[in-house]
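J.: Got a predicted structure here, sequence first:
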Amino acid sequence: MRRTGKEKSGSGSKIALVTGASKGVGRGIALGLAAAGWDVAINYHHDKKGADETAAAIRGSGGRCWTFQADVGDSRRVRAMFARLDQQAGTLTLLVNNAGVQTWSPLLQLGEQDWLRTIRTNLTGTFLCTQQAALRMRQHGGGNIINIGSGSNKAPFPNLADYCASKGGIETFTVVAAVELGAFKIRVNCVAPGTIEVERTSKESPDYAGTWSPLTPLRRIGNVKDVADAVVFMAGDKAGFITGQTLYVDGGLWSQIPWPYPIEK
């Protein structure tokens, strides 16, 4: 019988919450986890239509999922979301902190409200959701938290000061959380995508692939499946002794420094 996503999961189920899963990388992660056998809770803030589309795709493949509206930067709404998840889905075993925003602006023109909005969503949201998830995982013998970072963890992105600050904070937060939560059998890692073609990044350049592919050692840009596959791996038993680490999914882009001489092919 096909699962509808309306019934509560059984005790043997693997339940994941993916924040910001209405579209882009978040949707790809949700679909990838569902394909790997996870029951998926989809968080969204404004884009209900996109969240419903993600849910429909999972249910259409026989998967089980739920949708939860919440602003991850608001502690009251985060607590309410997790309470609804407890009631409707059951025991959370995986959290993917993906929700994120950015402001494309030179540093000297970046508005304070834009800065605060980005830090609130990306960094504070990661903290609030991690805290709620870890409190539950501690009670149930462990779990897994994966934070979505960025190439800006390694390299500066001009005109994205707020985004870089938030993602750099997420990487350091990941390490601290891994150290503190390890005693509770909770693993915490960071998956950091490189140049991934989604709706948002396609708007940054009229030829996004043509701009970034020549700079990438693997000579292509990434896609959402590349990120989803990394998350599925880090969430699985084969990564059971990995915590406090950042896995870059970037085709080698951020592993290189500017090199003035040609590379033999």
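T.: Right, received. Where do you want to start? Numbering: from 1, shown residues only.
J.: secondary structure element for Arg187?
T.: strand 186-193 (DSSP states H and E).
J.: Run the chain-centre distance for that strand.
T.: 9 Å (Cα atoms, centre = their mean, to the nearest Å).
J.: number of nearby residues for Ser205?
T.: Under the neighbour criterion other Cβ atoms under 10 Å, Ser205 is assigned a count of 12. To be clear about C-beta, it is placed using only N, CA and C from the backbone, and glycine gets the same treatment.
J.: so who does it touch?
T.: Neighbour list for Ser205: Thr211, Trp212 [criterion: Cβ atoms under 8 Å, 6 or more residues apart in numbering].
J.: Over to it. Which of the three states is it?
T.: coil (DSSP: H, G, I helix; E, B strand; the rest coil).
J.: Next, it: phi, psi?
T.: phi -150, psi 140 (degrees, to the nearest 10).
J.: before we move on, back to that, in terms of secondary structure, what does the strand holding Arg187 contact?
T.: Applying 3 or more Cβ pairs under 8 Å, 6 or more residues apart in numbering; DSSP states H and E, we find strand 186-193 packed against helix 125-139, strand 143-148, helix 161-181, helix 224-235, strand 246-249.
J.: switch to 10 Å and redo it
T.: Helices and strands touching strand 186-193, by 3 or more Cβ pairs under 10 Å, 6 or more residues apart in numbering; DSSP states H and E, are helix 24-35, strand 94-97, helix 125-139, strand 143-148, helix 161-181, helix 224-235, strand 246-249.
J.: low-confidence ranges in the stretch 151-265 of the chain?
T.: Where the stretch 151-265 of the chain drops to pLDDT under 70, the residues are 201-202, 259-261, 263-265.
J.: picking up where we left off before, could I get the strand holding Arg187 in PDB with only the CA atoms?
T.: Backbone C-alpha positions of strand 186-193 (Å, rounded to 0.1, in the frame of the first residue of the first chain) are rendered in PDB as follows:
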ATOM      1  CA  ILE A 186      24.600  12.900  17.800                       C
ATOM      2  CA  ARG A 187      26.800  13.500  14.700                       C
ATOM      3  CA  VAL A 188      27.100  17.000  13.300                       C
ATOM      4  CA  ASN A 189      28.600  17.800  10.000                       C
ATOM      5  CA  CYS A 190      28.600  20.400   7.300                       C
ATOM      6  CA  VAL A 191      28.100  19.800   3.500                       C
ATOM      7  CA  ALA A 192      29.300  22.800   1.600                       C
ATOM      8  CA  PRO A 193      28.200  23.100  -2.000                       C
END
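J.: what inclination does that strand have with respect to helix 125-139?
T.: Orientation note: strand 186-193 sits at an angle of 150 degrees relative to helix 125-139 (axes from the mean of the first three to the mean of the last three Cα atoms, to 10 degrees).
J.: Sheet partners, orientation included, of strand 186-193?
T.: Using DSSP bridges, the strands paired with strand 186-193 are strand 143-148 (parallel), strand 246-249 (parallel).
J.: okay, the ones you listed, which one's buried deepest?
T.: Highest mean neighbour count of the strands paired with strand 186-193: strand 143-148, a mean of 26 (counted as mean count of other Cβ atoms under 10 Å).
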